[in-house]
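Student: just coords:
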């Protein structure tokens, strides 16, 4: 098994690189690791009829690895340019395009990936504004299209104040997930788990909705089917909207 670190930062020995190095250092000795620094490569997209040895080399490294660790800082609320360029140039190699232009997973399907990013703003500011969200979303969109399975994500905010110093809690988090990477060599099938979670969520929401209806029994005419139905739908929808908003808001490990 092999883990490939992909460093998409301007500094080869900065905070992002240290987070990546800490993660890979925690990978068990039985697993091979390698790091590629994207700034070392002159990356350009494929042009029909012209050789592209750089992308050929990078593609071979991706194919030879079971887990990819993307490490890229967040600039201007999004993915660093060098990493974005790398993913853009790889587009036609990551997916298979059908006759109507839709993208489908191809040769990288069922590999795994971990995302790491850092940003200048404080943990509290990042928690409420989600400035690092777009970085993770951009990586997730590409990897989902390619059929690559997400393991986890790590964010290290407050780098403006802390400089090159990384809090021990973040280093421990990197070590924790680095040690777990070799366990992610097989495809994750969470379909049944998602159905169970959906069932439980609907069951709880229905119970709460019925409880609210019962509490409003003095106001509502409980014998009127249509009034009961309308109030149930409205209350259920409000609860669903709140839950979805909360899940979306907390989806990334912003702090």
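Tutor: In hand now; what should we look at? It should be emphasised that the depicted structure is a prediction, and the values quoted were computed from it without experimental measurement. Numbering: from 1, shown residues only.
Student: name the helices or strands packed onto the helix or strand of the chain with the lowest mean pLDDT?
Tutor: Here the helix or strand of the chain ranked lowest by mean pLDDT, DSSP states H and E is helix 225-249, holding a mean of 82. The helices and strands touching helix 225-249, judged by 3 or more C-beta pairs under 8 Å, 6 or more residues apart in numbering; DSSP states H and E, are helix 191-215. The way it works is simple: take the backbone N, C-alpha and C, and place the C-beta from them, glycine included.
Student: domains in the protein, as residue ranges please.
Tutor: For the chain, automatic domain parsing gives the domain ranges 2-184, 191-249.
Student: Most tightly packed of the ones you listed?
Tutor: Neighbour counts (mean count of other C-beta atoms under 10 Å) averaged over each of the domains of the chain peak at domain 2-184, with a mean of 18.
Student: Now do it, average pLDDT.
Tutor: Across domain 2-184, pLDDT averages out at 95.
Student: try stretch 197-204
Tutor: On average, the pLDDT along stretch 197-204 is 86.
Student: Now residue 35: closest residue in space, sequence neighbours ignored.
Tutor: Closest residue in space to residue 35, ignoring its immediate chain neighbours: residue 5 at 3.9 Å, by C-beta to C-beta, 6 or more residues apart in numbering.
Student: Now do the least confident helix or strand of the chain: distance to the chain's middle.
Tutor: 28 Å (C-alpha atoms, centre = their mean, to the nearest Å).
Student: ok, now stretch 49-66?
Tutor: Mean C-alpha position of stretch 49-66 versus that of the full chain (C-alpha atoms, centre = their mean) differs by 23 Å.
Student: Repeat that for stretch 205-220.
Tutor: Here stretch 205-220 shows a centroid-to-chain-centroid distance of 38 Å under the convention C-alpha atoms, centre = their mean.
Student: same deal with stretch 112-128?
Tutor: For stretch 112-128, the distance from its own C-alpha centre to the chain's C-alpha centre is 11 Å (C-alpha atoms, centre = their mean).
Student: Kindly check the end-to-end length of that stretch for me.
Tutor: By C-alpha to C-alpha, to the nearest Å, the extent of stretch 112-128 from end to end equals 29 Å.
Student: go on, stretch 74-84?
Tutor: End-to-end distance of stretch 74-84: 11 Å, with C-alpha to C-alpha as the criterion.
Student: And stretch 95-106, by the same measure?
Tutor: Termini of stretch 95-106 sit 5 Å apart (C-alpha to C-alpha).
Student: Quick one: residues in contact with that stretch.
Tutor: 93, 94, 145, 146, 147, 148 (C-beta atoms under 8 Å, 6 or more residues apart in numbering).
Student: likewise stretch 34-43?
Tutor: So stretch 34-43 is contacted by 2-10, 12, 20-21, 24, 54-55, 57-58, 61, 65, 82-83, 85-86, 89 (C-beta under 8 Å, 6+ apart).
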